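A.B. asks: After the sequence you'll find the predicted model.
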Amino acid sequence: MRPQPPHWADQLLEWFCAPHLIEEVQGDLQERFQKNLKFFGEKTARWEYIKGVLGFIKPFALKRNVKSSQSSLYLNIMISNYFKIAFRNLLRYKGYSFINIFGLATGMAVVMLIGLWIYDELSYNRYHKNYDSIAQVMENQHLGNEISTFSTLPMPLASELRTTYGSSFKNVAATMTYEQIIAHDDKVFTKLGCFSEPAFPEMLSLEMLSGARNALTDPNAILLSESLAKTIFGLVDPINQPIKLNNAFQQRVVGVYKDMPKNSQFNNLNFIAPVSLIFSGGAGADNWLSSSFDIYVQLNKDYDKTAIDKRIRDVLYQHSKDASKPELFLFPMNQWYLYGEFKNGVNVGGRIEFVWLFGIIGFFVLLLACINFMNLSTARSEKRAKEVGIRKAIGSVRGQLIAQFFSESLLVVMFAFILSIVLVMLALPFFNKVADKETFPLWREPFFWLAGIGFTIFTGLIAGSYPALYLSSFQPVKVLKGTLHSGRLAAMPRKFLLVMQFTVSVTLIIGTIVIFRQIIFAKNRPVGYSREGLLMIPLTTGEIQKNYRAFHDDLLQTNAVAGVARSSSPMTGIWSSANNLEWRGKDPNVQAMFGTICIEPDYGTVVTWEMKEGRNFSEKFSTDSSAFIFNESAIKQMGLKNPIGEIVRWHDKNWKIIGITKDIVMRSPFEPIEPTVFMIDDRQRPFNIVDIKINPAISSREALDIIEPVYKKYAPNSSFNYKFASQEYENKFRAEERIGTLATFFAILAIFISCLGLFGLASFVAEQRTKEIGIRKVLGASVASLWRMLSKDFVVLVMISCLIATPIAYYFMSSWLEKYTYRTEISWWIFVIVGMGAMVICLLTISYQAIKAALMNPVKTLKNE
Amino acid sequence: MKRTYLGEFEEIVLLTVAILGDKAYGVSITEEIEQQTGRSVSVSAVHAALHRLEEKYMLSSYMGDATAERGGRRKRLFQVTALGNRTLDEIRLLRNRLWDNIPLRIFSTSR
C-alpha cells in the first residue's frame, strides 16, 4: 500500500477546519504530500504534511461559513431581532406596556397569593409525621329524626379501645383541652393546654428541644411549649422546674417541645399534662356517661378504615346503653381540617369548598389579566399590520411570525413575573393578616420556581396565542396596499373578551356584596339579651367558688357593677346538653336534645333577657330548685300547648316549668336557636362562669380597673381573666368576615384589572378615531356628543356583561346561602346597584380617554399627514 | 479613486493566478511562486491569501475536477476578476509612473 499522510494530522485538520474549506485544503495538502513523497521520501513528506496542517490553524480556516450553519446562527439573529423589536414596541407605547405588564403582574401576584394560601390549606396538620395514620374517634347520635356527630367521648372508652381492640391501634390517647392557670413563683398565666394520656406527644411527633416525649407517664410531669417555657423561665433551663397547675397540682417540667406551626390543629397547645390529674379529686375515670374527652388513635400501617369502623361501632353503646344509640367511627387526620363538617352523620366537606372557590377565583383573575393582554395586542394589531406585511413580503413564513409574537408575549410575561414577585412580597404581610395565615413565599423550594416558570411560559403562550395566530394570518398584499379593513367582525372577539371580563368582575362583586349582606344580616339578628358591658369571668380555680358570696357582695359594693350572677355556660356558648328529658305527650321513639344551663336567679336581670310567659327564678320560692325555664325553641320542640305548670321528668326528678324566655342566640348566629333549658340546681351542672354587668355609667376600662383588685383579693393565685360577651359574639363572625375580606380583595383586583384593560382599549379606540373626531369637531360636534359617541360602545358591552353575570351570581350565591339556616335573601336591588356601579366605573374609565380625545385641537389632528 | 490595498504577497499570488490562467489552484500556485521567486512558500499561506483576495472580489473561484493524487478530492480553481485585472493594471501604471519620475542623474551615479 502506498504511504499515507499521518492519520492524526488528517483528523486534526478535519476537526478544526471549516467544513466548506476542508475538501480543497485536504486535496492540496494530499497532492503536495504525493509530490514530496516522490522527490524527498516518506519521512520528509510526512513532516511537511504535518507542518502544512498546522499552518492552517489560521482564522480564515477556522471561521465557519454563515450560510452553511444556517440552522443555529440564523435562528439566533432572528430571535434577537424579535426581542429587539419587542423592546422597541414596549418603549414606544409606554402606556400600553404599563397596562399590559402591570395588569398581568397583578393577576399573577393574585394567583401566587392564592396558590400560597391553597398550599397552606392543603398542608394543614401535615407537620405531624403520623398525619396519615392518626384518627379521632367520633360518635354519631340519633337525636330526633336526625343524626348528630360529636367528638367528645367518655374516658373509659380509651382504655377499652386499648385493651380489647388493641390489635387495630398502635396508640390510643384521651385528651381534654381547656384554658388553665399555670404558675411558677409569682408568675401566673392563663393558657390553653391539655391533659392527655402519655402516648399523645408521641402520636403528634412533637419535636422535643429537651426532655423526652414519653415522660408523661409520671403523674407529676408536664411538657411545655418552647414559647411558654420562654415566657415563664426566660433564659433559665426549664427542666425540673416546678409548675403549679390550676392552683392545685404541683408539677415538674420534664420536657420542652417546639411550638407547633400555625397550620396545625394543635398549634394552640401551650402545655401537656397527664390526664390522671383530672381524676385525682376522686372523679371516676370509669364513668361511661360523662363525655368530655377527645380520643385520638394512631392506626397500624395498612389499616382498613371500614373494617375498624365496623369493629368499634357499638363499643360505646354496649357500655352506656344510651337511648341515642351512639355509633363510633374513625375520622382520619387528613380530613379534619378540609372536610370537617358533618350533616346527619355524613361528612359533607367543609373548608375544601373555599379551597375550590379561591382556586377558581384565582383562575378567573388570571384569565382576566390574560384577556387584557390579548385584547390590547389585537387592538394594536393594525399598527403592527404593516410590519407583518413587510416581514411576510421579505420571506417570513407564518411559523416564524407566530414565533415572533410568542417571544414578544413571553418577554412581557417575564417582566410581569418579576414584577409580580415584588408585588407578592409587598402584599404578603397584609394578606397573611387578612387570611390569618403564616404563609411565606417558597423562594427556596425548587418546586416554586419550576411552577413559576412553567406558569410564566404557560401564561405567555395563552396570552400570546391570539395575537400570534391572528396577526400572522394577515395577507401581505392587502396589508401593504392599505386595504386591510378590520371592520365590524375584527372587533368581535375583542368585544367578546371584554364582555367576559366584566362578567367575571361583576359576578365577583355581587358575590362579595351578598357575603357581607349575610354577615350584616346575622349581626343584626336580635340576640335576645344585651351584650353591652357584659363581662364573663371563667371560674378556673376553686378560689372564687369558695368565697363566692363575699366576692359577689364586694363587687356589688363598688359602683362599677350593676349585677353579678353565675352560670354553667358563657353567654356565647352552650357547654352541656341532655337528651333524656321526658314530658307529657313526648314521642317515645324520638330523642330530643336540649342545651342545659344552670344559672342563678339574678342571671335573667344581669343578661337582661325577656320573659315571654311565666316568671323568672326567685330566691323567695324554695321550690324553684326543681323548676325549669325553657326558651321558645324548646317549647316548640316539645310541642306543649300550655307549658307553664307542666311537669318534666329528668334525672328521676320532677321539674316544673315556671317560665319561658324569648329566644337567645348563644351558639351560631347563622343557625336556628337551640332548644335550651335553664335551672338553678347547681348539682346538675356546675357553675363555670361569673357574669358581670358593668354599670352603664362607667366605661369598661374604668370598670375593669375596679373589678380586678376585687378578683385578686379573693383569688390571689389566679390571673385575672375576662371576656366581653360582645367581643366573643363578634368572634363568631370571624370565618365569614375573613372570607368576605378576601373576596373583596379579589373582587377589587378583578375590577381593577378589567378597568386597566378597558382604559387601554378606550385609548386605542380614541387614538384610532382622532381624524374622525377632528373632522366632526370642525363640522361642529360638541364635546358632549363626542364623549357620548366614544362611550356608547363600551357601555353597551358592560350592560351585556351585567345581564350575563346576574343569573350566574344568583345561582352561585343562593347555593352558598343554602348552608345557613338563618340567611338573608338576594334582593334584586343588589344586581341593579352593582350594574350601575360597574357602569359608572366603566364610564369614568372611558371618559378620561374620550374627553381627552374630544378636547384635542382638530387643527393638530388633521394637519399631520 | 480609492483603491483596495494589496500586500506584496497578495500581489504575487494575484499575478501568479493570472499567469496560470485556468490551471490556478492551491498547489499549482504554490509551486509557481516557489519557482518564480525561489523562496519556499507554505500551502496555508497561499490559501489564506487566496481567501483574502476572494473576499476583496479580485478573484473568483469554482470547484474543478478531482484527481487520484488528491485522494479523490476536487480542486478549487481560481480566476482573476475584472476588478483584479484593473487593480493589477493600476499597480503597474503607478509603478511605471514612479519609475519614470526618477531623475536620470541618480541612475547614472548608481551605475
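C.D. replies: In hand now; what should we look at?
A.B. asks: Show me what from chain B comes close to chain A.
C.D. replies: B:25-27, B:30, B:42-45, B:47-48, B:51-52, B:63, B:66-67, B:69-71, B:73-76 (C-beta under 8 Å from any C-beta of the partner chain). Using the backbone N, CA and C atoms, a C-beta is placed for each residue, glycine as well.
A.B. asks: Return the subset of these lying in helices.
C.D. replies: B:26-27, B:30, B:43-45, B:47-48, B:51-52 (DSSP state H).
A.B. asks: Between the residues you listed, which sits nearest residue A:630?
C.D. replies: residue B:51 (110.1 Å; C-beta to C-beta).
A.B. asks: quick one on the thing from earlier: need the ones in helices among the residues of chain B next to chain A in JSON lines with pLDDT and neighbour count, can you?
C.D. replies: Below are those laid out as JSON lines (pLDDT from 0 to 100; neighbours: other C-beta atoms under 10 Å in any protein chain shown):
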{"residue": "B:26", "pLDDT": "89", "neighbour count": "23"}
{"residue": "B:27", "pLDDT": "91", "neighbour count": "20"}
{"residue": "B:30", "pLDDT": "92", "neighbour count": "24"}
{"residue": "B:43", "pLDDT": "89", "neighbour count": "23"}
{"residue": "B:44", "pLDDT": "90", "neighbour count": "23"}
{"residue": "B:45", "pLDDT": "91", "neighbour count": "16"}
{"residue": "B:47", "pLDDT": "91", "neighbour count": "26"}
{"residue": "B:48", "pLDDT": "91", "neighbour count": "20"}
{"residue": "B:51", "pLDDT": "89", "neighbour count": "18"}
{"residue": "B:52", "pLDDT": "89", "neighbour count": "17"}
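A.B. asks: ok, longest helix in the chain?
C.D. replies: With no chain named, the answer covers chain A. Assigned via DSSP H, chain A shows its longest helix as helix A:398-435.
A.B. asks: right idea, wrong chain: chain B
C.D. replies: If you go by DSSP H, chain B has its longest helix at helix B:82-100.
A.B. asks: how about that helix: buried residues?
C.D. replies: In terms of neighbour count (16 or more other C-beta atoms under 10 Å in any protein chain shown), helix B:82-100 has its buried residues at B:84, B:87-88.
A.B. asks: average pLDDT across the host helix or strand of residue A:31?
C.D. replies: Secondary structure from DSSP states H and E places residue A:31 in helix A:22-40. Helix A:22-40 comes out with an average pLDDT of 88.
A.B. asks: for stretch A:257-271, same thing?
C.D. replies: 89.
A.B. asks: Buried residues of stretch A:564-575, list them for me.
C.D. replies: A:564-572, A:574-575.
A.B. asks: out of the residues you listed, who's nearest chain B?
C.D. replies: Distance to chain B across the buried residues of stretch A:564-575 (C-beta to the nearest C-beta) is lowest for residue A:572, with 92.6 Å.
A.B. asks: what about the closest one, which SS state?
C.D. replies: Assigned with DSSP: H, G, I helix; E, B strand; the rest coil, residue A:572 falls in the coil class.
A.B. asks: got the contact list for it?
C.D. replies: A:536, A:666-667, A:725, A:728-729, A:731-732 (C-beta atoms under 8 Å, 6 or more residues apart in numbering or on different chains).
A.B. asks: Kindly supply the PyMOL command isolating those of those that are buried.
C.D. replies: Here is the PyMOL command that selects only those of the contacts of residue A:572 that count as buried (16+ other C-beta under 10 Å):
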select buried, chain A and resi 536+666+667+725+728+729+732
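A.B. asks: Tell me where the stretch 251-400 of chain A has strands.
C.D. replies: Applying DSSP state E, counting those that start in this stretch to the stretch 251-400 of chain A gives strands spanning A:271-274, A:291-299, A:327-332, A:342-343, A:346-347.
A.B. asks: Give me whichever of those is most buried.
C.D. replies: Stretch with highest mean neighbour count among the strands of the stretch 251-400 of chain A: strand A:271-274 (a mean of 25; mean count of other C-beta atoms under 10 Å in any protein chain shown).
A.B. asks: Which secondary structure elements does that one sit against?
C.D. replies: strand A:187-196, strand A:221-225 (3 or more C-beta pairs under 8 Å, 6 or more residues apart in numbering or on different chains; DSSP states H and E).
A.B. asks: what are the pairing partners of the longest one, and which direction each?
C.D. replies: If I follow you right, that is strand A:187-196. For strand A:187-196, the pairing partners within the sheet under DSSP bridges are strand A:169-184 (antiparallel), strand A:271-274 (parallel).
A.B. asks: what angle separates the longest one from strand A:327-332?
C.D. replies: Strand A:169-184 and strand A:327-332 are oriented at 80 degrees to each other (axes from the mean of the first three to the mean of the last three C-alpha atoms, to 10 degrees).
A.B. asks: how far out from the middle of the chain is strand A:169-184?
C.D. replies: 29 Å (C-alpha atoms, centre = their mean, to the nearest Å).
A.B. asks: What is the neighbour count of the closest residue to residue A:266 other than its chain neighbours?
C.D. replies: Spatial nearest neighbour of residue A:266, chain neighbours left out: residue A:260 (5.3 Å); criterion: C-beta to C-beta, 6 or more residues apart in numbering or on different chains. Using other C-beta atoms under 10 Å in any protein chain shown, residue A:260 has 20 other residues around it.
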